[in-house]
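Enquirer: Give me the fold of what follows.
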Amino acid sequence: MPAPIPVQIAGQSFPSINQARLHFSGILQNCQIGQPISDQDRSQILALATASHKFFVEDEKSTASVVNGNYGKKCFAVSTNKKAQIISITLSLKNSARPPAPTSALN
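Expert: Numbering: from 1, shown residues only. All right, here's what the predicted structure looks like:
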């Protein structure tokens, strides 16, 4: 069984990609399409987008929302400078995950 890959998003550490995915999926499930997102959740979503996509910059003009994505599934969207980008939680976490520590070779 492979070792869990730790993930750190905006100072918040998760022991594995799956634990981080569950955290962000929980935020997504608690939000409704078209409803405002709390400031705390907004900052976490923007941090996720920033950690995985270097072109996003968290500032006052950046917004996070919940939209209908492909196949009618809810997903996060981040808008900055009038450009909107749908965010895949799993892909974002994989892009921002720390690589596992190298193992030493047995002699």
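Enquirer: and Pro4, what does it touch?
Expert: By Cβ atoms under 8 Å, 6 or more residues apart in numbering, the residues touching Pro4 are 15-19. The C-beta positions use only the backbone N, C-alpha and C, and glycine is treated the same way.
Enquirer: So in terms of bridging, what pairs with the residue lying closest to Ser62 once chain neighbours are set aside?
Expert: The shortest distance from Ser62 to any non-neighbouring residue, by Cβ to Cβ, 6 or more residues apart in numbering, is to Thr80 (4.4 Å). Note on Thr80: beta-bridge partners by DSSP bridges are Lys83.
Enquirer: Would you mind pulling up the elements that the one helix or strand Leu93 maps to packs against?
Expert: Here Leu93, judged by DSSP states H and E, is contained in helix 89-96. Judged by 3 or more Cβ pairs under 8 Å, 6 or more residues apart in numbering; DSSP states H and E, the packing partners of helix 89-96 are strand 7-9, helix 17-30, helix 39-52.
Enquirer: can you dump the C-alpha coordinates of the last one into PDB?
Expert: Meaning helix 39-52. In PDB, the C-alpha atoms belonging to helix 39-52 read as follows (Å, rounded to 0.1, in the frame of the first residue of the first chain):
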ATOM      1  CA  ASP A  39     -15.300  34.500   4.200                       C
ATOM      2  CA  GLN A  40     -13.400  31.600   5.900                       C
ATOM      3  CA  ASP A  41     -14.500  29.100   3.200                       C
ATOM      4  CA  ARG A  42     -13.800  31.700   0.400                       C
ATOM      5  CA  SER A  43     -10.200  32.100   1.700                       C
ATOM      6  CA  GLN A  44      -9.700  28.300   1.800                       C
ATOM      7  CA  ILE A  45     -11.000  27.900  -1.800                       C
ATOM      8  CA  LEU A  46      -8.800  30.700  -3.100                       C
ATOM      9  CA  ALA A  47      -5.800  29.200  -1.200                       C
ATOM     10  CA  LEU A  48      -6.500  25.900  -2.900                       C
ATOM     11  CA  ALA A  49      -6.700  27.500  -6.300                       C
ATOM     12  CA  THR A  50      -3.500  29.500  -5.600                       C
ATOM     13  CA  ALA A  51      -1.600  26.500  -4.400                       C
ATOM     14  CA  SER A  52      -2.400  24.500  -7.500                       C
END
